[in-house]
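Engineer: My questions concern the predicted model and sequence given below.
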Amino acid sequence: MSKLSTATKRLLLGRPFRSDTLGHTLLPKRIALPVFASDALSSIAYAPEEIFLVLSVAGLSAYAFTPWVGIAVAVVLVIVVASYRQNVRAYPSGGGDYEVATKNLGPIAGLTVGSALLVDYVLILAVSISSAAANIGSAVPFVAQHKVLFAILAIGLLTAMNLRGMREAGTAFAIPTYAFMAAMAIMIVWGFVQIFVLGEDLRAESADFELVAEQTDLTAIAFVFLIARAFSSGCAALTGVEAISTGVPAFRKPKARNAATTLLLLGAVAVPLFLGVVFLAGRIGVVVAEHPATQLKGAPEGYEQKTLVAQLAHTVFAGFPVGFFLVTVATALILLLAANTAFSGFPALASVLAQNRYLPRQLHTRGDKLAFSNGILFLSGVAVVFVWVFDARVTQLIQLYIVGVFVAFTLGQAGMVRHWTRHLAVETDPAVRGRMMRGRVINGLGLIATTAVLIIVLATKFSGGAWIAVLMILVIFVLMKAIRRHYDSVAAELEAAEWDGVLPSRTHSIVLVSTLHMPTRRALAFARATRPDTLEAITVNVDDANTRQLVRDWDASDITVPLKVVESPYREITRPVLDYVRRVRRDSPRDVVTVFIPEYVVGHWWEQILHNQSALRLKSRLLFQPGVMVTSVPWQLRSSARVPKDRIDTVPGAIRRGLENEAGHRPAKQEEDQ
């Protein structure tokens, strides 16, 4: 079983990497862009659509505001990208907003950022995969009917790819990411060329549908609130920008410069594509409704609403079906791969938090492929739960989506303003002060913009589901504080007291016996080899006939160790052994008691179920007894294929002599001593 599992693991994940090869896994900019920016780029496929969906509540007349909402989102995106270029230069260690907030605003602010980003990365994965299911479903009806199943299988595939290592995953993701960028750029440019150069009247398939407003009597305040809600939904285009600041250690040297360049490339690509989609969709009359069954009038019977990008591609490439197919496939792939931002960001952040003792230490270590395997598996498991609970619906998931990231944005930018202010107080070089003041202005604008968006997001989305994200952030915050208290408490307990150096006065060894067979003899030999002051064997009487037979066999054997029978009226094994050990400790408090437990070593998982269950329960209980040590004595069965039964010459010398003694081959001198 062990060999099979190892072979399967190697087949799926590849050969393991040595720790000293970590440098070979670092990413050049051309690979780092698809690895860390795929989420921000992929949001072009659904963030504009969310603006149209929200405004559809007020009818077609509200669509007139889509360009202005799109421009507002693009401005915030530019500010955030510029702000994070300052972050990665000032804090290239990979802590991102968590490190910035912790060092400049204190541990509570840092932990709030950490909690918010952990939630956000889970939702990035859930939203990206759900959006991919929706886009593929526009072309493949089977996927549309089984979106949850498709999403879960896609998460499993991405998990396997990321477990193979970040560089390998990045190489696999590079082609689809660049294909998406090219496909979207060609679609947008060709669409506007047809409209403004060739003079063609492009009309989307939904352009002639009547959009029934769900709310026709909106007051001025309510309409402003609707615009603000559309803006907050469109700000989903900003998610993923922070992942580059968290992933700086994964870049090749010079790390900070390469990360800043990658951020610039992200902004240079994402802003034009985002605005291009918004303006082109408005120009050709795309109509998307939050509730198409009740809002769309004039649609043919059985009409399935396509995504905004699918409608754009269908219209622009009306005479070229291959173009529609390429855009649809590229969009679906980028949405699938956008989840890689979560796979690169969540494990790295969890590792930093674990290193600071806010999360279990298992999340800090790297796996065979130098990836944070435990973090990857935990992320995928939680994301699957979200996809299943919310039925892979983007509109519902996106209500939870951007709360966490804008909490992190806001506190991170506040921390950077504080960072520049502290350094300006002691810096005297005019050139350096000039750069610092420019950085503070940029981060100050970022703080104003992200704070405004956070307020709008909380005001417009809280009752729609954002409260779930807020609650999750609070729960994770409290949980991480509790984990830190536990680790601090354990460290204080282990380090504060000094060992008095007093050794136990005597050692009392107990060998547990169920049957007189070779595992029992080996346990006796191991116990004898430790040269205890007292050595005894005990058996628990759960069956009178079997116990009497064991005593007869024991007396007839050449074993000199006394066997004691511990009564068990209720046929238990664990409690009578615990009571006996406690009595020994009570009678001789300064003695250390060592309990030797024979165990079978088996080769198959189903054999493990059939053996060692009593031993497992005993060990788990004995470990809590002060002054008691537990020693497992293995006996390898043939199925384990590790140590053949007839090869006792592989056992260390003292133990081998003990085995020979218990087998009745004691040397003459030891026989005389006894």
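Structural biologist: Great, that's in hand.
Engineer: When you work out contacts or count neighbours from here on, use the C-alpha atoms and nothing else.
Structural biologist: Fine.
Engineer: all strands for the protein, in order.
Structural biologist: Counting by DSSP state E, the chain has strands at residues 210-211, 296-297, 506-512, 534-541, 563-567, 591-601, 628-636.
Engineer: helices or strands next to the third one in the packing?
Structural biologist: When contacts are defined as 3 or more CA pairs under 8 Å, 6 or more residues apart in numbering; DSSP states H and E, strand 506-512 packs onto helix 518-529, strand 534-541, strand 591-601.
Engineer: Direction included, what does it pair up with?
Structural biologist: Partners of strand 506-512 in the sheet, by DSSP bridges, are strand 534-541 (parallel), strand 591-601 (parallel).
Engineer: could you dump the helices and strands packed on strand 506-512 to a markdown table with distance to Ala236 and mean pLDDT?
Structural biologist: Formatted as a markdown table, those follow (distance: least, CA to CA, whole Å; pLDDT from 0 to 100):
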| stretch | distance to Ala236 | mean pLDDT |
| --- | --- | --- |
| helix 518-529 | 63 | 89 |
| strand 534-541 | 66 | 92 |
| strand 591-601 | 54 | 87 |
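Engineer: residues contacting Ala213?
Structural biologist: When contacts are counted by CA atoms under 8 Å, 6 or more residues apart in numbering, Ala213 touches Ser56, Val57, Ala58, Gly59, Leu60, Gln295.
Engineer: again, only this time at 7 Å
Structural biologist: Ser56, Val57, Ala58, Gly59, Gln295 (CA atoms under 7 Å, 6 or more residues apart in numbering).
Engineer: Kindly report the same for Ile129.
Structural biologist: Residues in contact with Ile129 (CA under 7 Å, 6+ apart) are Ala151, Leu335, Leu336, Ala339.
Engineer: Likewise for Thr328?
Structural biologist: Contacts of Thr328 (CA under 7 Å, 6+ apart): Ala310.
Engineer: One more pass at 10 Å, please.
Structural biologist: 132, 135-136, 138-139, 180, 183-184, 307, 309-311, 313-314, 322 (CA atoms under 10 Å, 6 or more residues apart in numbering).
Engineer: Just name the most buried of the strands paired with strand 506-512.
Structural biologist: Mean neighbour count (mean count of other CA atoms under 10 Å) peaks for strand 591-601 among those, with a mean of 22.
Engineer: picking that back up, quick one: buried ones out of the contacts of Thr328?
Structural biologist: 132, 135-136, 138-139, 180, 183-184, 307, 309-311, 313-314 (16 or more other CA atoms under 10 Å).
Engineer: Please identify which of those residues is nearest to Ala37.
Structural biologist: Phe180 (12.5 Å; CA to CA).
Engineer: wait, isn't that closest one in contact with Leu336?
Structural biologist: No - counting by CA atoms under 10 Å, Phe180 stays clear of Leu336, with 11.7 Å between them.
Engineer: Need the overlap of contacts for the two.
Structural biologist: Ser38, Ser42, Ala330.
Engineer: my guess is the second one contacts Leu266, does it?
Structural biologist: No - with the criterion set as CA under 10 Å, Ser42 and Leu266 do not qualify as a contacting pair; they are 11.3 Å apart.
Engineer: out of the two, which sits in the busier spot?
Structural biologist: Neighbour comparison, Ser42 and Leu266: the larger count goes to Ser42, with 30 against 22 (by other CA atoms under 10 Å).
Engineer: OK, contacts around the more buried one?
Structural biologist: Ser42 touches 128, 131-132, 177, 180-181, 237, 239-240, 270, 274, 331-339, counting by CA under 10 Å, 6+ apart.
Engineer: gap between it and Phe180?
Structural biologist: 8 Å (CA to CA, to the nearest Å).
Engineer: Mind listing the shared neighbours of those two?
Structural biologist: Counting by CA under 10 Å, 6+ apart, the residues touching both Ser42 and Phe180 are Thr331, Ala332, Leu333, Ile334, Leu335.
Engineer: Just confirm Ser509 contacts Phe596, I think it does.
Structural biologist: Yes - contact status for Ser509 versus Phe596: in contact at 7.4 Å, counting by CA under 10 Å.
Engineer: so what's in contact with these two at the same time?
Structural biologist: Leu524, Ala527, Ala537, Met629, Val630.
Engineer: and the gap between Ala354 and Ile108?
Structural biologist: Taking CA to CA, one finds Ala354 at 16 Å from Ile108.
Engineer: which residues does Leu211 contact?
Structural biologist: Under the criterion of CA under 10 Å, 6+ apart, the contact list for Leu211 reads 56-61, 287-289, 292, 294-298.
Engineer: quick one: which of these is nearest to Arg433?
Structural biologist: Looking across the contacts of Leu211 and measuring by CA to CA, the closest to Arg433 is Ser56, at 49.1 Å.
Engineer: How many residues are close by that closest one?
Structural biologist: 26.
Engineer: Also Val478?
Structural biologist: 15.
Engineer: Centroid-nearest residue for this structure?
Structural biologist: Leu379 (2.6 Å; CA atoms, centre = their mean).
Engineer: thought it was touching Leu118?
Structural biologist: Yes - if you go by CA under 10 Å, Leu379 and Leu118 touch, sitting 8.9 Å apart.
Engineer: For those two, list the residues in contact with both.
Structural biologist: With CA under 10 Å, 6+ apart, Leu379 and Leu118 have common neighbours Ala342, Phe346, Pro347, Ala350.
Engineer: and the first one, how far is that from Val633?
Structural biologist: When you say that, I think you mean Ala342. Counting by CA to CA - Ala342 and Val633 are separated by 45 Å.
Engineer: With neighbour numbers in mind, choose between the two.
Structural biologist: Between Ala342 and Val633, counting by other CA under 10 Å, Ala342 is the more crowded of the two (30 against 21).
Engineer: Not counting residues beside it along the chain, what's closest to the more buried one?
Structural biologist: Among residues not flanking Ala342 along the chain, Tyr121 sits closest, at 4.8 Å (CA to CA, 6 or more residues apart in numbering).
Engineer: what's the burial count for that neighbour?
Structural biologist: Residues near Tyr121, counting by other CA under 10 Å, number 29.
Engineer: which residues sit in contact with it?
Structural biologist: Tyr121 neighbours (CA under 10 Å, 6+ apart): 127, 239-240, 243, 339-347, 349, 379, 383, 401, 404-405.
Engineer: Filter those residues down to the buried ones.
Structural biologist: Buried among those by 16+ other CA under 10 Å: 127, 239-240, 243, 339-347, 349, 379, 383, 401, 404-405.
Engineer: Quick one: mark the members of the residues you listed that sit in helices.
Structural biologist: Applying DSSP state H to those, the entries found in helices are 127, 243, 339-347, 349, 379, 383, 401, 404-405.
Engineer: Of all the residues in stretch 512-526, which ones are buried?
Structural biologist: Neighbour count says stretch 512-526 has Leu512, Val513, Ser514, Thr515, Pro519, Thr520, Arg521, Arg522, Ala523, Leu524, Ala525, Phe526 buried, by 16+ other CA under 10 Å.
Engineer: From Lys564, how far off is the third one?
Structural biologist: The spacing between Ser514 and Lys564, counted by CA to CA, is 12 Å.
Engineer: Ok, the last one next?
Structural biologist: The span separating Phe526 from Lys564 equals 19 Å under the rule CA to CA.
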